[in-house]
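Enquirer: give me a model of this one.
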Amino acid sequence: QVQLVESGGGLVQPGGSLRLSCFASGFSWDYYYIGWFRQAPGKEREGVSCISGSEDMTYYTGFAKGRFTISRDRAKNMVYLQMNDVRPEDTAVYHCGTARGSSCGYEYDYWGQGTQVTVSS
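Expert: Numbering: from 1, shown residues only. Presented below is the predicted three-dimensional model:
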């Protein structure tokens, strides 16, 4: 049974940093990609970053490039999203998601309940 549990959200000032964590279990890391997407009130869901299954290749949406870093620790079943230089427009609920596939895709079959990130002074 796939389980994804996010943590690490909170209130952060513009320009600050935050690290989100996702505990992921119940699937084979080599055959699933895993990543982060976000959803803000009144806005469509948008992908943030993804890491592929077997080769650990990383992908970032435009707004995340240069500011966010995805990583994982296979031994701990953890995936992280380091967010630097955050902006008010980064305010959203961030979800960790996964789906079967060797390379990152645009859709997720499983996701957690999310963690709220609020960027405000």
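Enquirer: center of the chain, which residue is that?
Expert: residue 36 (2.3 Å; CA atoms, centre = their mean).
Enquirer: separation between the residue nearest to that one when sequence neighbours are not counted and residue 28?
Expert: Nearest in space to residue 36, with sequence neighbours left out and distances taken as CB to CB, 6 or more residues apart in numbering, is residue 48 at 4.3 Å. For the C-beta atoms, the positions are set from N, CA and C on the backbone; glycine is no exception. Applying CB to CB, to the nearest Å, one obtains 23 Å for the distance of residue 48 from residue 28.
Enquirer: in what helix or strand does the residue nearest to residue 36 lie?
Expert: Element membership of residue 48 [criterion: DSSP states H and E] is strand 46-51.
Enquirer: in that strand, what's buried?
Expert: By neighbour count, with 16 or more other CB atoms under 10 Å as the criterion, the buried positions of strand 46-51 are 47-51.
Enquirer: check stretch 59-68 too.
Expert: Under the neighbour-count criterion of 16+ other CB under 10 Å, stretch 59-68 has 59-61, 64, 68 buried.
Enquirer: hey, what's the residue nearest to the centre of the chain bridged with?
Expert: residue 49, residue 96 (DSSP bridges).
Enquirer: residues in contact with stretch 103-114?
Expert: Contact with stretch 103-114 is made by 2, 4-6, 22, 27, 33, 35, 37, 39, 47, 50-53, 57, 59, 93-100, as judged by CB atoms under 8 Å, 6 or more residues apart in numbering.
Enquirer: make a PyMOL selection of the buried ones in the residues you listed.
Expert: Under the burial definition 16+ other CB under 10 Å, those of those that qualify are selected in PyMOL by:
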select buried, resi 4+6+22+27+33+35+37+47+50+51+52+53+59+93+94+95+96+97+98+99
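Enquirer: so which elements touch the helix or strand following the strand holding residue 48?
Expert: Reading on from strand 46-51 to the C-terminus, the next helix or strand found by DSSP H and E is strand 58-60. With contacts defined as 3 or more CB pairs under 8 Å, 6 or more residues apart in numbering; DSSP states H and E, strand 58-60 has these neighbours: strand 46-51, strand 68-73.
Enquirer: paired strands for the last one, with orientation please.
Expert: Strand 68-73 pairs in its sheet with strand 78-83 (antiparallel), by DSSP bridges.
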